[in-house]
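K.L.:
The following comprises the amino acid sequence and a computationally predicted model.
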Amino acid sequence: MKKKRITIGKIIAGILALIWFLVTGGPFYFMVASAFKEQFELLTAGVFSMPKGLYIDNFKEVIESNFPHYLLNSIVVVSISLVLILLTASFASYPFSRFRFKLNTPLFAVVVAAMAVPIHVTLLPVFELTQKIGLYDSIFGLVGPYTAFNLPISVFILTSFMAEIPKELEESAEIDGCGKFRTFFNVILPLSKPGLATLAIYNSVNMWNEFSFALVLTQSPESRTLPLSIWEYQGQYTANIPLIMAVLTFCAIPMIAAFAIGQDKLIKGMMAGAVKG
């Protein structure tokens, strides 16, 4: 009876996994397959039909356009923002997770409450602030909002991660003569690499695909990031779908590569703290 239940459980899990694969893999297949089609082939053939041939002119046209400049802008913005997020989150999470002081709980409550603030509510004040400090229509004007709005959840996750690090390691470092700073850099931070890797991938995906702030805080093509590059391939009444799919394929490649490289640390970071003892 128990063996039969296990078999039924495996069948149900397999069916759910297949459904999940179709739901997530279907759009990805449509994107890649459409990128290799001519514009009218997409309209005349079936939506999910295989391309008649590998029509690579779409990719050539994307590369020869302003796409490389948009790609560079996204890389610069995401890289700078990610470094600031990880550094600030690390410095904030250490005292939240290891020290006990009067304002620990109230300050951490503020961090948690900040996670509930809708991004769109802040678009107007952020726009006015960016204009006043002279960063409007500059890729560096995106760094502040990207860092600020991804920081609360990063502090929340990293605090939980650091709290699971055994205190005996910290005490051993103090016995050896390490102060709080050396303990942080030599013990806590190295052991937090899985958590930092999780935050790096999670935040990178969010910032890489971010559209609202990029639309509001930039205007000229020189300051556009990848989510805005699609505008270049659509008119007022028409859109070149295969070209847009080629752009989206190029946009997805860096994130897929980042996940493939850091998936082991990502899984460790997600599972950290799930089991105690």
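P.N.:
Cool, the structure landed.
K.L.:
Check the secondary structure at the residue nearest the centre of the chain for me.
P.N.:
Nearest residue to the geometric centre of the chain (Cα atoms, centre = their mean): residue 205, 2.1 Å. At residue 205 the chain is in helix, as set by DSSP: H, G, I helix; E, B strand; the rest coil.
K.L.:
Not counting sequence-adjacent ones, nearest residue to it?
P.N.:
residue 255 (5.6 Å; Cβ to Cβ, 6 or more residues apart in numbering). (Each C-beta comes from the backbone N, C-alpha and C, glycine too.)
K.L.:
That neighbour belongs to a helix, doesn't it?
P.N.:
Yes: according to three-state DSSP, residue 255 belongs to a helix.
K.L.:
per-residue confidence for the residue nearest to the centre of the chain?
P.N.:
pLDDT, residue 205: 88.
K.L.:
how close does it sit to residue 192?
P.N.:
Remark: distance between residue 205 and residue 192 (Cβ to Cβ, to the nearest Å) = 20 Å.
K.L.:
about what we covered before: the residue nearest to the centre of the chain and residue 29: what is the separation?
P.N.:
If you measure residue 205 against residue 29 using Cβ to Cβ, the figure is 20 Å.
K.L.:
do the same with residue 44
P.N.:
From residue 44 to residue 29 the distance is 19 Å (Cβ to Cβ).
K.L.:
Pull out the buried residues from stretch 167-180.
P.N.:
Neighbour-count burial for stretch 167-180, counted by 16 or more other Cβ atoms under 10 Å, picks out 170, 173, 178.
K.L.:
contacting residues for the closest residue in space to the second one that isn't next to it in sequence?
P.N.:
Nearest residue to residue 173, sequence neighbours excluded (Cβ to Cβ, 6+ apart): residue 183, at 4.5 Å. Each residue near residue 183 by Cβ atoms under 8 Å, 6 or more residues apart in numbering is listed here: 170, 173, 174.
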